[in-house]
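J.: need a structure here:
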Amino acid sequence: MLRSIIRSSSVKSQQVKQVLVPRRGYGSESVPERKVAILGAAGGIGQPLALLMKLNPLVSNLALYDIANTPGVAADVSHINTRSQVAGYMSEEQLGQALEGSDIVIIPAGVPRKPGMTRDDLFNINAGIVKSLSAAIAKYCPNAIVNMISNPVNSTVPIAAEIFKKAGTFNEKKLFGVTTLDVVRAKTFYSGKAEVPVEEVNVPVVGGHAGITILPLFSQATPKANLRDEDIKYLTKRTQDGGTEVVEAKAGKGSATLSMAYAGAIFADACLKGLNGVPDVVECSFVQSSVTELPFFASKVRLGKEGVEEVLGLGPLSEFEKEGLELLKPELKASIEKGIKFANES
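T.: This next block holds a predicted model:
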């Protein structure tokens, strides 16, 4: 399973093999000590994410936090015979202890989507959760890289940015909205339609992380395939509606938890490699950006020891993608402004 995570990364295979492949004698002397905290670790995303991060040999200390049930999750995960030490923390009183010394904080905390709900419907509940957790991060681990999974990411990332600004700790290089699931879906769907091996596929996804703000750039997909225009439109729509597809398939009893945990682990792994100095680590993420006129935008990002090393441009777009880019901007702009307003008025 860990090897599948490694193959999915955009880092060159030989570089990954040197750093990540488990081997006899692997010890703490091989890589730096890294603490990862998961906030919302007892939830539907948090539990499988905790499992995947326990399997990552770059993690030496795994802190699991939630408002309830965390000791049991921590005990369960701690029995896995991999490098990282695991500790569970529960209730607001233990949040600081969970965060202190963290290199990366992953936030899947919040309520899941239900049938008929959009990501925007989740706003009021999840925005409040993100606001309080961001304030704690600013206090206890202000230099940590923050991976925001809590939806709606288009708004929760701007909320976190505003809270960090108020605390005087904001670093635009260290705040990421995790849009990796959109990339994972685009790769999977493209592979099926183009009939190419999925492990060889790469598809950049730009914009945001909800509905039409998700813009997969299939014109830049590799390996190249001569797909019809209607196929591209179908793949784009399916990628945009991937979350709804899962919610409906689970008949109201869940949302995209397992695939989201996998995507979250992929992106956290990329951040860890960047911190450790592995060269040419590139993933798509929703970050503060000047790629468009919007203050936050998802595009390819080169990761390094300080987080964002470089925000990459969009590259050449097809006419269909250019139209999609202009269509997404008003909705994404409104979501960003909604998050900023919430942080400043609440």
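J.: neighbouring contacts of stretch 247-261?
T.: Stretch 247-261 has contacts (CB atoms under 8 Å, 6 or more residues apart in numbering) with 43-49, 51-52, 108, 112-115, 117, 149, 181, 184-185, 242-243, 246. Using the backbone N, CA and C atoms, a C-beta is placed for each residue, glycine as well.
J.: how does it look with 6 Å?
T.: Stretch 247-261 is contacted from outside by 44, 45, 48, 49, 112, 113, 115, 181, 243, 246, using CB atoms under 6 Å, 6 or more residues apart in numbering.
J.: can you tell me which residues contact the last one?
T.: Contacts were defined as CB under 6 Å, 6+ apart; by that measure residue 246 touches residue 256.
J.: Helix or strand: which one has it?
T.: Per DSSP states H and E, residue 246 falls inside helix 242-249.
J.: ok, back up a step: out of the contacts of stretch 247-261, which comes closest to residue 342?
T.: Closest approach to residue 342 among the contacts of stretch 247-261 (CB to CB): residue 113, at 19.1 Å.
J.: how about stretch 213-231: buried residues?
T.: Neighbour counts over stretch 213-231 (16 or more other CB atoms under 10 Å) mark 213, 214, 215, 216, 217, 218, 219, 220, 221, 227 as buried.
J.: among those residues, which are in strands?
T.: Among the buried residues of stretch 213-231, DSSP state E puts 214, 215, 216 in strands.
J.: What part of the protein, helix or strand, is modelled with the least confidence?
T.: Within the chain, no helix or strand scores below helix 13-19, which has a mean of 33 by mean pLDDT, DSSP states H and E.
J.: who touches the residue nearest to the spatial centre of the chain in this structure?
T.: By CA atoms, centre = their mean, the chain has its centre lying nearest to residue 178, at 2.3 Å. The contact partners of residue 178, by CB under 6 Å, 6+ apart, come to 147, 149, 264, 267.
J.: could you redo the last one with a cut-off of 8 Å?
T.: By CB under 8 Å, 6+ apart, the residues touching residue 178 are 106, 147, 148, 149, 153, 209, 263, 264, 267, 285, 286.
J.: Tabulate these (TSV), appending pLDDT, distance to residue 274 and neighbour count.
T.: Putting those into TSV (pLDDT from 0 to 100; distance: CB to CB, whole Å; neighbours: other CB atoms under 10 Å) gives the following:
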residue	pLDDT	distance to residue 274	neighbour count
106	99	15	30
147	98	12	24
148	98	17	27
149	97	18	30
153	96	20	27
209	97	21	29
263	98	17	23
264	98	16	25
267	98	11	26
285	98	11	29
286	98	17	29
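J.: okay, those residues in CSV with secondary structure and distance to residue 162 next?
T.: Shown next, in CSV, are the contacts of residue 178 (DSSP: H, G, I helix; E, B strand; the rest coil; distance: CB to CB, whole Å):
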residue, secondary structure, distance to residue 162
106, strand, 20
147, strand, 18
148, strand, 13
149, coil, 18
153, helix, 15
209, coil, 18
263, helix, 25
264, helix, 23
267, helix, 22
285, strand, 19
286, strand, 15
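J.: Closest one of those to residue 160?
T.: Comparing the contacts of residue 178 against residue 160 with CB to CB places residue 148 closest, at 6.2 Å.
J.: hang on, isn't the closest one packed against residue 174?
T.: No - using CB atoms under 8 Å as the test, residue 148 is too far from residue 174 to be in contact (11.2 Å).
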